[in-house]
Every structure is written in C-alpha cells, then in structure tokens.
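> Okay, here's the prediction I keep looking at, along with the sequence it came from:
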Amino acid sequence: MYAVIEDSGTQIKVAEGDTIRIDPRELPEDAKSLTFDRVVFMGEGVTAKVGAPYVEGASVEAEILEEGRAEKIEVVKFKRRKTYRRRRGHRQPYVEVKITKIAG
C-alpha cells in the first residue's frame, strides 16, 4: 500500500519503509517522529481512496532520522566579452524521515 502526502506545497508518493527528504520545520529538541495528516491519496487497486482535497481520517507516521544540508549547488552567472563572472554556492537544508505507518 502507498500514499500520496502533501508537504510544503509538494506531493510525495510514499510507502512503508521509504526514506524521504522534506523541507525543514520548527521541531522540539526531543522530537522523534512526525505525523502527516494531509493525505491526498491512499491505497492500491480497488481499495484506493482519493481525497477531496484530503482523505478523512488518514495519516502517515514517520520517524526522524537526521537533519542536514544537501550537496552544494554552484550557480554561475556569465556574460561573454563583458568581464562579468559571478559564482555562488547554495546548500539546501532538509529533514530526512523514514515512513513507519500508513493509517486510515
């Protein structure tokens, strides 16, 4: 069984045991798990439920594994013959979670 959850404006397809990266959020220091209650779709085959916009009573539980920053992305701006070159780097922060339970 799988589910499609909405988080930070993006829809993510998840199944139990999957590890995903999501946008960071304010969490208490001792937080060990997260619950996603915006489930857009869940099930498989005949037992599938489609939300309008969300499936009532459905939730997805996840265990927090780590908080970190992704690999560096280099952004280069360049204009030929104008001696114009700019280089910047960016590392996107993330929270890595493991899906433990799909209920509903």
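Great, that's in hand. Computed from a predicted structure; not experimentally measured. Numbering: from 1, shown residues only.

> in this protein, what residue sits furthest out from the centroid?
Arg81 (42.2 Å; CA atoms, centre = their mean).

> That one: what secondary structure?
coil (DSSP: H, G, I helix; E, B strand; the rest coil).

> Thought Val95 was touching Arg25, still the case?
Yes. Counting by CB atoms under 8 Å, Arg25 touches Val95, with 7.0 Å between them. Backbone N, C-alpha and C define where each C-beta goes, glycine included.

> Give the full set of residues in contact with Arg86.
Contact analysis of Arg86 by CB atoms under 8 Å, 6 or more residues apart in numbering lists Val76, Lys77, Phe78.

> repeat for Ile102
Met1, Tyr2, Ala3, Val14, Ala15, Glu16, Met42, Ala58, Val60, Glu61.

> so what's the closest residue to the first one other than its chain neighbours scoring on pLDDT?
Spelled out, that is Met1. What sits nearest to Met1 in space, not counting adjacent residues and going by CB to CB, 6 or more residues apart in numbering, is Glu44, at 5.3 Å. Per-residue pLDDT puts Glu44 at 86.
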